[in-house]
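In: the following comprises the amino acid sequence and a computationally predicted model.
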Amino acid sequence: MKIKFLLITVGLAATLCISSQNLFAAEAKDGDVKATASDKAFMNKAAIGGMTEISLGKLAGEKGESKEVKEFGEKMVTDHTKIADNLKEVAGKLGVTLPEKIDATHQAKIDKMEKMSGTAFDSAYVNAMVTAHQKDIAAFEEAGKETKNEDLKKFIDDSVPTMKEHLETIKKFSQVKK
């Protein structure tokens with residue numbers, strides 16, 4: 001009886017060990033790590049920031065006085081729409097629900113810019129883009145160091161060069177405050 005009990009106990013323990021190893025292997029394959037709270041917070045901020053960049057880019061295309069501001073605005077819409085789509089894909093894989101609209105703080109910035117026109121708009125837009133891209137690049141790079149999720153890390157690594165290109169382009173505009 002004792003031997004039978006011992007065999008059953010050992011058998012159950014072995015089964016549990018094998019099951020937990022398989023479960024761990026399933027979670028760990030392909031870098032499939034669940035999103036942490038900081039991953040989720042980053043993705044939410046990135047989504048709101050992206051929507052803001054797209055909205056402001058559309059405004060620049062409409063209200064920009066200089067050709068360079070108009071063209072840069074259009075590029076922002078194109079590039080940040082692509083980045084937003086990539087973020088949605090990663091968030092979907094991780095089961096993270098992204099915000100569908102811009103928060104009040106960012107909407108207030110858009111509303112303020114909507115009231116501007118001419119060179120005042122161009123100057124405000126260019127300087128806002130320099131500041132936003134500097135902050136965004138830093139946030140993306142920090143999140144890239146912290147995340148353990150390979151899909152999110154790839155999204156960040158793919159997005160940062162585009163944002164750095166935007167920053168270098170916009171810094172050359174004559175409207176930048178020196």
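Out: Cool, got the structure.
In: tell me the domain boundaries of the chain?
Out: Taking automatic domain parsing as the reference, the chain has its domains at 1-31, 33-171.
In: any idea which of those scores lowest on pLDDT?
Out: Mean pLDDT per stretch puts domain 1-31 lowest among the domains of the chain, at a mean of 45.
In: can you lay out the domains of the chain as CSV showing mean neighbour count?
Out: For glycine as for every other residue, the C-beta is placed from the backbone atoms N, C-alpha and C. CSV is the format used below for the domains of the chain (neighbours: other C-beta atoms under 10 Å):
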stretch, mean neighbour count
domain 1-31, 9
domain 33-171, 17
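In: spatially central residue in the protein, please.
Out: By C-alpha atoms, centre = their mean, the chain has its centre lying nearest to A46, at 3.6 Å.
In: in what helix or strand does it lie?
Out: helix 37-63 (DSSP states H and E).
In: now do M116
Out: Per DSSP H and E, there is no helix or strand for M116.
In: mind listing what it touches?
Out: Each residue near M116 by C-beta atoms under 8 Å, 6 or more residues apart in numbering is listed here: 63, 124.
In: do the same with G73
Out: 56-61, 64, 125.
In: and for F72?
Out: 57, 60, 64, 129, 166, 169-170, 173.
In: show me what contacts N86?
Out: 155, 158-159.
In: and the helices in this protein?
Out: 2-28, 37-63, 67-94, 104-114, 118-146, 150-171 (DSSP state H).
In: from the chain's centre, how far out does the third one sit?
Out: Its chain's C-alpha centre and that of helix 67-94 lie 10 Å apart, by C-alpha atoms, centre = their mean, to the nearest Å.
In: same check on the shortest one?
Out: Using C-alpha atoms, centre = their mean, we find the averaged C-alpha position of helix 104-114 to lie 20 Å away from the chain's own average C-alpha position.
In: okay, the angle between that helix and helix 118-146?
Out: Relative orientation of helix 104-114 and helix 118-146, computed by axes from the mean of the first three to the mean of the last three C-alpha atoms, to 10 degrees: 150 degrees.
In: could you tell me the angle between helix 104-114 and helix 37-63?
Out: Using the same axes, to 10 degrees, helix 104-114 lies at 10 degrees relative to helix 37-63.
In: check what contacts helix 104-114 and list those residues.
Out: With C-beta under 8 Å, 6+ apart, helix 104-114 has contacts from 48-49, 51-52, 55-56, 59, 63, 102, 121, 124-125, 128.
In: spatially nearest residue to G57 (excluding sequence neighbours)?
Out: M76 (3.2 Å; C-beta to C-beta, 6 or more residues apart in numbering).
In: residues contacting the one you found?
Out: 53-54, 56-57, 60, 129, 166.
In: make TSV out of these and add distance to A35.
Out: Converted to TSV, the contacts of M76 look like this (distance: C-beta to C-beta, whole Å):
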residue	distance to A35
E53	23
I54	23
L56	28
G57	28
A60	33
M129	29
H166	26
